[in-house]
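K.L.:
structure of the sequence below:
(one chain, ligands or ions: 1)
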Amino acid sequence: MTDDYDLIIVGSGPNGSIVAREVHESSPEARILVIEAGPQITGVAGEHLVEVDENAMNASYEDLMRRARQIEYVKGAMVEIEGDGWNPESTGVFPAAFFGHDFAQFPGASLSWNIGGMGVHWTAATPWPYAEEIPGFLPRAEWDADLETARSLLRTYVGPLVENPFTEPIFAAIRAAVPSPDPEREFGYMPMAGIPHVDRPFARTGPRDIAPYLFDASEPNVQLRTGLFVTRLEHDGARVTGVVARDLASGADVRLSAARVLVAADALRTPQLLWASGIRPEALGVRLNEHASIDGDVVIDAARLGLTDADIPTPPAGEPFIGSYWSPSIGAERPAHGQLMEREFDGKHVLGVGWYCATEIRPENRIEFSDELTDPLGMPRMTVHFSYSENDLAEIRRTKDVQRAAANAIGTFSDAESEVLPAGASLHYTGTVRMGPEDDGTSVVDTDGRVWGFENLFLAGNGVVPTALTCNATLTGATLSVRIARAISATL
Ligand SMILES: Cc1cc2nc3c(=O)[nH]c(=O)nc-3n(C[C@H](O)[C@H](O)[C@H](O)COP(=O)(O)OP(=O)(O)OC[C@H]3O[C@@H](n4cnc5c(N)ncnc54)[C@H](O)[C@@H]3O)c2cc1C
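P.N.:
Have a look, this model is predicted:
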């Protein structure tokens, strides 16, 4: 094996970008190659779509985001931007079913196909996990330090999006309706990844903000190659010896090699690539977990909050939201998290009352990979087995009570307006390549993100997250990526 690169990373989303940056910052001489299958989606590689000025995508982003439902974004994006199908020249986010997979039990699940992954599309909510959501087997001081680093890489900001007289009355009303025994976990601003501006939209963090030199080619030791789809990792059972990728333009196979490989190709395609490569630990694709999404909108009753509709602020052009709020989970007593997005929609001043409640981690919820059937890229076809347990259903009912209490503190909300979204719709899938403290068949990687039994194969992304989250998954996955990058750097 010729060690052409010190590190090859598969996937240019937030997690691949964090590992590239952290390894580069610690070992600037290391030669790093990031391979990305998808094309560039805007004029500036890796920038968030909200940053694009003169682009239809921006208007589309704003319109779709105003609905404040990620599933609508995916469906809307697919119809408005790409028509109703996927092909290798497409860019955007597509339902996994578009690739021929059987996701009937997980229909909301989607895949990104563009430079920067979902990190150029995301809403950028970056709440942090709490209590049981934090992997208990990791040293707490290390976790806390890595969380701080991840927050700074994602530029997590806690504060107003625009000056807004509704904010304090909303805080007071919901703090009374959904109280927290811990002042640190009181209803307040949603932590958002990005930088606020007065005259333009909140600048959401995209992967190019994490590792600029990866996307603008200003650092020769950190390269991005796009249009290459990794189909196989060659290995001898203990070391990855080569990375085989298809050049999507010519159809030719390209073989690359590196002393270390990190796969950050999302929670669905990371285990798929391992399976296709004959790396099949018992826990691969097993214990797929996702919080249940309970959605709804309530029209804000201005008079009840001591205001009038004339007080509704106008956000800068291109910014879909007036306010973004967080009802944090408080552990076992209330393992549910609210993401409440204030906006004007359909001519009404509404608060999205979306809640995520944790679901049980169960081996029955898993991805099955086919040895016979393939997707359009020649990769193993995936079938997802996913259902809610009795406990999950009880938790969903309890969370609806929380949602109802919060919504009725702001306006009038009936049970009919509360909707449990299709499984997969949160786009926060975890557990498919879980981290664990020992090789006991329930995890795929060790606490360094290294695949059990392999010396030089590392994984990162939401799939590595071993716990049942209430919060949006990206910051938690990013925290583990900081840890994994440190472990990789230690081998350089
Ligand atoms: C509309 C929307 C809103 C969202 N809002 C939030 C939010 O508010 N908060 C939150 O926490 N999360 C949110 N998310 C989810 C968040 O974007 C993801 O958690 C995050 O992007 C995951 O990062 P990643 O790097 O692991 O994977 P991705 O961003 O999915 O990137 C993976 C990359 O790998 C590439 N790839 C895959 N397979 C291969 C291969 N074989 N060869 C080469 N390249 C490959 C893909 O093309 C992709 O670019 C949202 C997502 C969307 C779409």
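
K.L.:
for the ligand, what are the nearby residues on the stretch 51-200 of the chain?
P.N.:
70, 73, 93, 112-113, 117-119, 121-125 (Cβ under 6 Å from any ligand atom). In short, each C-beta sits where N, CA and C put it, glycine included.

K.L.:
now those residues as TSV including pLDDT, neighbour count and secondary structure?
P.N.:
Listed next are these as TSV, based on pLDDT from 0 to 100; neighbours: other Cβ atoms under 10 Å; DSSP: H, G, I helix; E, B strand; the rest coil:
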residue	pLDDT	neighbour count	secondary structure
70	60	26	helix
73	62	23	helix
93	85	24	strand
112	91	26	strand
113	91	24	strand
117	96	29	helix
118	94	20	helix
119	96	30	helix
121	90	28	coil
122	93	26	coil
123	92	22	coil
124	96	25	coil
125	97	20	strand
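
K.L.:
so which of these comes closest to the ligand?
P.N.:
residue 117 (2.2 Å; Cβ to the nearest ligand atom).

K.L.:
how about the contacts made by the closest one?
P.N.:
Counting by Cβ atoms under 8 Å, 6 or more residues apart in numbering, residue 117 touches 11, 12, 13, 14, 16, 38, 207, 266.

K.L.:
double-check that the fifth one belongs to a strand.
P.N.:
Pointing back at residue 16 there. No: applying DSSP: H, G, I helix; E, B strand; the rest coil, one finds residue 16 to be helix, outside a strand.

K.L.:
my guess is it contacts residue 460. True?
P.N.:
Yes: the pair residue 16 / residue 460 is scored as a contact, 7.2 Å apart, by Cβ atoms under 8 Å.

K.L.:
and for residue 344, the neighbour number?
P.N.:
15 (other Cβ atoms under 10 Å).

K.L.:
which pLDDT value belongs to residue 447?
P.N.:
Looking at residue 447, its pLDDT reads 98.

K.L.:
repeat for the one 10 residues further on
P.N.:
The confidence metric pLDDT takes the value 98 at residue 457.

K.L.:
need the distance between the two termini of stretch 240-259.
P.N.:
Counting by Cα to Cα, to the nearest Å, you get 8 Å between the two ends of stretch 240-259.

K.L.:
and residue 99, backbone torsions?
P.N.:
With angles defined as degrees, to the nearest 10, residue 99 sits at phi -90, psi 10.

K.L.:
okay, now the residue nearest to residue 288 when sequence neighbours are not counted: neighbour count?
P.N.:
In this structure, residue 288 finds its nearest non-sequential neighbour in residue 365, 4.7 Å apart by Cβ to Cβ, 6 or more residues apart in numbering. Look at residue 365: counted by other Cβ under 10 Å, it has 26 neighbours.

K.L.:
thought residue 365 was touching residue 389?
P.N.:
No: Residue 365 is beyond contact range of residue 389, at 9.1 Å (criterion: Cβ under 8 Å).

K.L.:
circling back: which neighbours do residue 16 and residue 460 share?
P.N.:
Joint contacts of residue 16 and residue 460 (Cβ under 8 Å, 6+ apart) are 262, 264.

K.L.:
one step back: just list the residues touching the residue nearest to residue 288, thanks.
P.N.:
287, 288, 289, 385, 386, 387 are the contacts of residue 365 under Cβ under 8 Å, 6+ apart.

K.L.:
tell me the secondary structure of the last one, please.
P.N.:
What it means is residue 387. Residue 387 is classified as coil under three-state DSSP.

K.L.:
could you measure it against residue 268, distance?
P.N.:
18 Å (Cβ to Cβ, to the nearest Å).

K.L.:
and these two? which has more neighbours close in?
P.N.:
residue 268 (26 against 13).

K.L.:
list the contacts of that one.
P.N.:
Contacts of residue 268 by Cβ under 8 Å, 6+ apart are 96, 109, 111, 367, 382, 429, 432, 463.

K.L.:
what do you get for residue 478?
P.N.:
14, 15, 18, 150, 153, 154.

K.L.:
tell me the contacts of the nearest residue to the third one once chain neighbours are set aside?
P.N.:
Computed as Cβ to Cβ, 6+ apart, the closest residue to residue 18 that is not its neighbour in sequence is residue 481, at 4.4 Å. For residue 481, the residues meeting the contact criterion (Cβ under 8 Å, 6+ apart) are 15, 18, 19, 22, 150, 264, 449, 460, 461.

K.L.:
surely the fifth one and residue 475 touch.
P.N.:
Yes: counting by Cβ under 8 Å, residue 150 does reach residue 475; the two are 5.9 Å apart.

K.L.:
which one's more surrounded, these two?
P.N.:
Comparing residue 150 with residue 475 by other Cβ under 10 Å, the one with more neighbours is residue 150, at 27 against 23.

K.L.:
show me where the stretch 1-150 of the chain has its helices.
P.N.:
Ranges of helices in the stretch 1-150 of the chain, per DSSP state H, counting those that start in this stretch, are 14-26, 56-66, 70-82, 140-154.

K.L.:
what packs against the longest one?
P.N.:
When you say that, I think you mean helix 140-154. helix 14-26, helix 474-490 (3 or more Cβ pairs under 8 Å, 6 or more residues apart in numbering; DSSP states H and E).
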